[in-house]
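> Take a look and give me a structure for this.
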Amino acid sequence: MRYGAPRLLQRVLRLNDHNKPFAAATTTTTLTTTCRSIVQCDNNNNKNNGSPLRHHDHVVVARRPYPAQQQQQQRWSSSAASKSKPAVDEELSLQVPTSQPSESSTTLAANHPPTLPVRQWSTPLAKTIAQAIEVTGPVSIASYMRQCLTNPDGGYYTTTRKDDADQFGTKGDFITSPEISQIFGELVGIWFMTEWMAQGRPSQGVQFIEMGPGRGTLMSDVLRTIGQFGTFAKSISAVWLVEAGEGLRAKQKDVLCGEDAEMKEVKDHTGKNVWWEATSKQGIPVRWVEDVVLLPDGTGGSGDQKTVPFIIAHEFFDALPIHAFESVAPKPEEVQEEGQEVQSKLLGEMGQPVPKPSTASKLPQWRELLVAPTKPKLDLSSQLGNGAGAAAAAAHKQPEPDFQLTLAKASTPSSLVIPERPRYRHLKNQVSSRVEVSPESSRYIQEFARRIGGGVASNRSSKEGTGQSPLDGNNGGAALIIDYGPLETVPVDSLRAIRRHKIVSPFVYAGEADVSADVDFVALAHAALEASPGIEVHGPVEQGFWLGQLGIKQRAERLVAELTKRGQFGSTEELERKKVEVETGWKRLVEAGPKGMGKAYKVMTIVPENGGRRRPVGFGGSVVG
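Residues are numbered from 1 along each chain as shown. Sure, this is the predicted structure:
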């Protein structure tokens, strides 16, 4: 659920014909909503009463757009939609029938004007997205997720919240494993120590990299645990946090470095790489960048010094944008009403009619699922009930979704490329099958693989049977991915949102709810192996199994014994409450029920290729080194 790491693509997103089906332009009359008139109206009202600028109803002007306006590509962002005065060619348009009302109907409308309510959006960002879709047409789920999560003006993870409010914990929208029990972060730290031991106990160059660190709780527990092992702790040269949200960076600094610690901007010796830096409570440099691609080469190593990247991606991939596709049946031959084939108007050399070539596909095709605004519904609640009871019921009622999914009528560029991989080929031939694919996830996992195993530098088969890694001497480190999703199958219909610890529609509360989707672990493994011949992928395994292999039960029992021995609690009741908290916390992490965290969450790792001589701890292996 946590996001915040990538500033995915651009904060100002270009949505144009790339997300539109290939279809001919229509010639119907359009009803154009002029944004310029809205802004002018707002400015006039502001001058008259001195009140702040606010949203007004759309001013509707009937006109026919110029062809150039229909074809022009549009740029959009929340700031552009809500603050700037659009040019004439950026007006929002809706198609309407060309029939004209009769004189009697016009007179009737004048005497009885409609009383339809003004369209209410669940959030300001929802209105911004809807206005953009009116310009560009329906957009991909990936584009919608980007705006909900990382829009600079209202995005879920990039908007600074008031006071101490944030998305995490009992007072936020959801709670994560590190917030449930400190034992989770402790065992993550222990796991990386076992990898450090198995890889020869390097004395320097170890660098932790966490993607989307949330509050910083997980990294805080990891560093606290590692601090108890002096040799391992001394080998750590830096901690890198990949975080796009300015407010979250400040919270992470407070947790890891202290509220009084200074965060300053730093450049490397080349002057090209810039990051924010502070010093942790353990004396380790902590550095922030907004995207993994902004990490210096070698994860910050200086020159020829070898670095050992230990990468943590806990609830990171579930927040990366997805595309969704559905397999549709082949189109039938075009026929006339009489059932006869449509004849082409083309003539051959001798003047005979040439049969029109068939444009029908012989095989099922992928069509992309796109996001479009819903049609507003008439709300009669104000007329059906009065008083405080009706008002309270309306306040607690979840608003109708602002958006809905619609199937593209023709191929989009994404549907022609993204799902055409062997993993989805058999599903394409099954009409009505759906798949969810995340190209962004593949990009990040491939970056992990290259940092651990190097790029494609040699043929893996050239050294098979020699006991030597293809990139022996040039690779090291490990990546630990913990998230929710199926073990083997392709995710489908998994888009969801959570707000105030309740599941809600992903198409309501844009920017105020955490939007996520299941992770395709098999696709991640394939992408990692394609990126580097110097790595191995183990898992996924269920979180409950992984934590059990690392001794979570034994650690909980020891923690309870330590609490009793310290005698730091003022009363027996307080001690018992703490014991219950420890007990319920670790059991919740390993719960194996249908919706239990121990079963829903999976763990996967990327480690250097070693010819199958060793399996990591938690994946069937034991501690070595």
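> what residues does stretch 270-283 touch?
223-224, 227, 233, 239, 249, 253, 256-258, 261-267, 285-289, 294, 296 (C-beta atoms under 8 Å, 6 or more residues apart in numbering). Quick note: C-beta positions are derived from backbone N, CA and C, even for glycine.
> Please list the members of these that lie in helices.
Using DSSP state H, the subset of those located in helices is 223, 224, 233, 249, 253, 256, 257.
> So, low pLDDT: which residues of the stretch 401-550 of the chain?
456-474 (pLDDT under 70).
> Which residues are in contact with residue 551?
Taking C-beta under 8 Å, 6+ apart as the test, what residue 551 contacts is residue 187.
> make it 10 Å
Residue 551 sits next to 183, 187, 190, 557, 558, 617 when contact means C-beta atoms under 10 Å, 6 or more residues apart in numbering.
> and if you look at residue 505?
122, 398-404, 495-497, 499, 513.
> Can you tell me which of the ones in helices among the contacts of stretch 270-283 has the most neighbours?
Counting neighbours by other C-beta atoms under 10 Å, residue 256 comes out on top of these with 24 neighbours.
> Check the gap between that one and residue 283 for me.
12 Å (C-beta to C-beta, to the nearest Å).
> do the same with residue 232
14 Å.
> who has more neighbours, the two?
Counting neighbours by other C-beta under 10 Å for residue 232 and for residue 283 shows that residue 232 has the greater number, 20 against 9.
> From residue 295, how far out is that one?
In terms of C-beta to C-beta, residue 232 sits 22 Å off from residue 295.
> Please apply the same query to residue 124.
On the measure of C-beta to C-beta, residue 124 and residue 295 end up 34 Å apart.
> Looking at those two, which is more packed in?
Using other C-beta under 10 Å, the more surrounded residue of residue 124 and residue 295 is residue 295, with 20 against 17.
> Okay, now the unreliable bits of the protein?
The model of the chain has pLDDT under 70 over residues 1-117, 160-174, 298-305, 332-361, 378-397, 456-474, 567-570, 625.
> Longest helix in it, please.
Under DSSP H, the chain gives helix 572-590 as its longest helix.
> residues in contact with it?
Contacts for helix 572-590 (C-beta under 10 Å, 6+ apart): 175, 177, 179-184, 187, 542-548, 552-553, 555-557, 559-561, 563-564, 566-569, 571, 596-599, 601.
> Just the buried residues from these, in ChimeraX please.
With 16 or more other C-beta atoms under 10 Å as the criterion, this ChimeraX line picks the buried residues out of the contacts of helix 572-590:
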select :177,179,180,181,182,183,184,187,542,543,544,545,546,547,552,555,556,559,560,563,596,597,598,599,601
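> Take the contacts of helix 572-590 and keep only those in strands.
Using DSSP state E, the subset of the contacts of helix 572-590 located in strands is 542, 601.
> for residue 494, phi and psi?
In terms of degrees, to the nearest 10, the main-chain angles of residue 494 are phi -100, psi 0.
> And it, how far from residue 440?
For residue 494, the distance to residue 440 - C-beta to C-beta - is 16 Å.
> Neighbour count for those two, which is higher?
Set residue 494 next to residue 440 and count neighbours by other C-beta under 10 Å: residue 440 wins out with 20 against 17.
> which element is that one on?
helix 439-453 (DSSP states H and E).
> and that helix, what does it pack onto?
With contacts defined as 3 or more C-beta pairs under 10 Å, 6 or more residues apart in numbering; DSSP states H and E, helix 439-453 has these neighbours: helix 141-150, strand 206-211, strand 308-314, strand 478-484, helix 521-531, strand 535-542, strand 601-608.
> Can you tell me the SS state at residue 306?
coil (DSSP: H, G, I helix; E, B strand; the rest coil).
> State the number of residues packed around it.
14.
> any idea how far the residue lying closest to it once chain neighbours are set aside is from residue 224?
Leaving aside its sequence neighbours, residue 306 sits nearest to residue 205 (C-beta to C-beta, 6 or more residues apart in numbering; 5.5 Å). Using C-beta to C-beta, we find residue 205 at a distance of 22 Å from residue 224.
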